[in-house]
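1. Generate a structure from the sequence data that follows.
(one chain, ligands or ions: 1)
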Amino acid sequence: MAKTEKHRSKAALALETQLARYREMRDFKTTAEPRGSKNGSPRPRGSSLPFVVQKHAATRLHYDFRLGWNGVLKSWAVTKGPSFYPGDKRLAVQVEDHPIEYGDFEGTIPKGQYGGGTVMVWDYGKWEPHADVDRGLKEGHLKFDLHGTKLKGSWALVRMHTRDAHPDKPNWLLIKERDEFARQEEEPAITEEAPDSAVSKRAIEQIATDNDRSWQSNRAQANEPAARFDQTKNAKRTAKRTSTPSLNSLPKESFPRFIEPQLARQSTTPPNGSDWIHELKLDGYRIQIHLHQTGKARNRSSRVALLTRKGLDWTARMPSIARAAEKLDLESAIVDGEAVVLDEKGATSFADLQSAFQDHAKMQLTYFAFDLLHLNGRDLRGLPFPSLRQHLTFRAVVIRGSNRNAFKNKSLL
Ligand code: MN
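-> Reported below is the predicted structural model:
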């Protein structure tokens, strides 16, 4: 064996050992996280060492601080995130080395997987060690400069001398050194001041709902060659990912039976971030419209079913809505919405709705469509709300009809 070849295989072996622990903890059939290339990524040269900080909303929100070194990302989980105030000594738990490609990863890790949750590229850039890195890692003292989009100046990672129960997860402290970038204690925290993605500018909630690298087939992306930490490339890719997909690109499916509706969940506080949409609370009956049509124009035959949130067929109880749905010029669709009665002020009245059914009162039923779950043989349930709204004018559909003939036949009740 030639000398260079021998050297290379030794380096590859070392890399494999470093990544083995990372791979052991993940199932790459279900997670979109990168596996790490078999032969390793080219060793960074000179001062162009990459670093990345990934904000990770898992069981607990934390920041994964990663320094590219020796073909891997040396990684620390920093619970509170980095701070520009030198008095803040942030606990940084060293975790398994990650593949270099991981630095590009922004998306969701499926629930139940190791680290399940949402990952954001919170900051990235170059790092410049002040002294020998291998020695610093071994001795537990690393000083370096960060040239990130958010983190700048001189920093230190110092290993604590604690005899803890996790020898494979040693505790370090991440500390800002005093320099022109250091901040006073009373100055705003960088994690608060700049909470969003350094790459896509998205908030963590938006990444979670966009489902960009988890919902769609992402194998190709996950197997892309090594990370470049290249902003323009990332930005372009993100723009492509978040644009509205055409109907043809969505997964095909045969016409589904009743789909369990998503129900509202109670929360003690409103959600954070600018990516939430406020909707009016409608007090009515949740109704799923199933529409299946064959033929065209006069020869068209329509089958409509109105299903309650438990899947009961209430088509006969709301014939006005059923007739209105038949007029939609669609091959097949499943619409999620709410049947209500509006009072003179335009508010929904549950009492009026009930009397529409019980007392045969002449109430006009209104149907608010708020989601399209299936359209013309395609599954739209993975689409985030903004894409759906952009893509289909359907969302604004409000079906009105008089319910006065609904219960002439009492046996229906
Ligand atoms: Mn993490």
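
2. CA atoms for contacts and neighbours, from now on please.
-> Will do.

3. ok, which stretches of the stretch 101-250 of the chain are helices?
-> 133-139, 190-193, 204-210, 219-222, 231-242 (DSSP state H, counting those that start in this stretch).

4. residues making contact with the first one?
-> So the one you mean is helix 133-139. Leu142 (C-alpha atoms under 8 Å, 6 or more residues apart in numbering).

5. on that earlier part again, lowest average confidence across the helices of the stretch 101-250 of the chain, which one?
-> Among the helices of the stretch 101-250 of the chain, helix 219-222 has the lowest mean pLDDT, at a mean of 33.

6. residue nearest the centroid of the protein?
-> Geometric centre of the chain, nearest residue: Ala208, 2.0 Å, by C-alpha atoms, centre = their mean.

7. Count the residues that sit near the nearest residue to that residue once chain neighbours are set aside.
-> Of all residues beyond its chain neighbours, the one nearest Ala208 is Thr118 (5.7 Å), with distances taken as C-alpha to C-alpha, 6 or more residues apart in numbering. By other C-alpha atoms under 10 Å, the residues close to Thr118 number 25.

8. For the stretch 251-400 of the chain, which segments count as strands?
-> Taking DSSP state E, counting those that start in this stretch, the strands of the stretch 251-400 of the chain run over residues 285-294, 301-307, 332-341, 364-375, 378-379, 398-402.

9. so who does Gly377 touch?
-> 252-255, 332.

10. Check Asp379 too.
-> 250-253, 373.

11. Any regions of the stretch 301-413 of the chain where pLDDT drops low?
-> For the stretch 301-413 of the chain, the stretches with pLDDT under 70 are 360-361, 384-413.

12. again, only using 90
-> Along the stretch 301-413 of the chain, the parts satisfying pLDDT under 90 run over 301-303, 316-321, 323-331, 340-373, 375-413.

13. same thing with the stretch 151-300 of the chain?
-> Residues of the stretch 151-300 of the chain that meet the cut-off, pLDDT under 90, sit at 161-170, 199-201, 205-251, 261-283, 292-300.

14. I'd guess Glu96 is in a strand, am I close?
-> Yes: under DSSP: H, G, I helix; E, B strand; the rest coil, Glu96 sits within a strand.

15. Find the nearest non-adjacent residue to it, please.
-> Tyr22 is the one closest to Glu96 (C-alpha to C-alpha, 6+ apart), at 5.9 Å.

16. what does the model give the residue nearest to Ala208 for pLDDT?
-> So Thr118 comes in at 92 (pLDDT).

17. I'd assumed Thr108 was in contact with it.
-> Yes: in this structure, Thr118 is within contact of Thr108 by C-alpha atoms under 8 Å, at 4.4 Å.

18. who touches both of the two?
-> 207-208.

19. rewinding a little: burial count for the residue nearest to Glu96?
-> Neighbours of Tyr22 using other C-alpha under 10 Å come to 17.

20. now Phe28
-> What Phe28 shows, counting by other C-alpha under 10 Å, is a neighbour count of 15.

21. so it, which of the three states?
-> Classified using three-state DSSP, Phe28 is coil.

22. From Ile109, how far out is it?
-> 10 Å (C-alpha to C-alpha, to the nearest Å).
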